[in-house]
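Peer 1: Fold the following, please.
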Amino acid sequence: MSETASPPETVTVSILDKEYRVACAESESAGLQASARLLHERMSRIRASGTVIGLERIAVMAALNIAHELIQAKAELSSIPLQQEMLERLTDKVQDALGEMDSEEKSPE
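Peer 2: Sure thing, here's the model as predicted:
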């Protein structure tokens, strides 16, 4: 018997005093609501600053800020393996140097 996917549920989110109905899988509802809260907070801060006027411009600025943070986070995550590799090489060099020092101390002159 094949498994049938459950129909998407409709979630209502509120962003800057406007409600939006969004269809999503039940398993994604909490994530959608968290995303809407984040967007609402960012847009509220931008609107409160008074430097950007108009809902569309506020939304674009918030989206650009969030996208920039995402790109920075991805870049930081991608640099972790490189940093780990560099640390491992440095550890190997230190171990080699310590090994050489031990062998020099143990060898008779």
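Peer 1: got the residue ranges for the helices in this protein?
Peer 2: All helices of the chain, identified by DSSP state H, fall at 29-49, 55-106.
Peer 1: Report the angle between the longest one and helix 29-49.
Peer 2: Put plainly, it is helix 55-106. 110 degrees (axes from the mean of the first three to the mean of the last three Cα atoms, to 10 degrees).
Peer 1: hey, what's Ala23 bridged with?
Peer 2: With DSSP bridges applied, Ala23 shows beta-bridge pairing to Thr10.
Peer 1: Neighbours of it, how many?
Peer 2: 10 (other Cβ atoms under 10 Å). Yep, even glycine has a C-beta here, placed from its N, CA and C like the rest.
Peer 1: cool, and the one 3 residues further on?
Peer 2: Glu26 sits with 11 neighbouring residues when counted by other Cβ under 10 Å.
Peer 1: you'd agree it is up against Glu9?
Peer 2: Yes: under the criterion of Cβ atoms under 8 Å, Glu26 makes contact with Glu9 at 5.3 Å.
Peer 1: ok, back up a step: compile the helices of the chain into TSV and extend it with columns for distance to Val13, mean pLDDT and mean neighbour count.
Peer 2: Output for these, formatted as TSV (distance: least, Cβ to Cβ, whole Å; pLDDT from 0 to 100; neighbours: other Cβ atoms under 10 Å):
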stretch	distance to Val13	mean pLDDT	mean neighbour count
helix 29-49	4	95	15
helix 55-106	14	85	11
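Peer 1: now those in a markdown table, with distance to Lys18?
Peer 2: Listed next are those as a markdown table, based on distance: least, Cβ to Cβ, whole Å:
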| stretch | distance to Lys18 |
| --- | --- |
| helix 29-49 | 10 |
| helix 55-106 | 8 |
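Peer 1: for those helices, which one sits closest to Val22?
Peer 2: Of all the helices of the chain, helix 29-49 sits nearest to Val22, with 6.2 Å by Cβ to Cβ.
Peer 1: Need the residues that contact that closest one.
Peer 2: 9, 11, 13-16, 20, 22, 24, 52, 58-59, 61-62, 65-66 (Cβ atoms under 8 Å, 6 or more residues apart in numbering).
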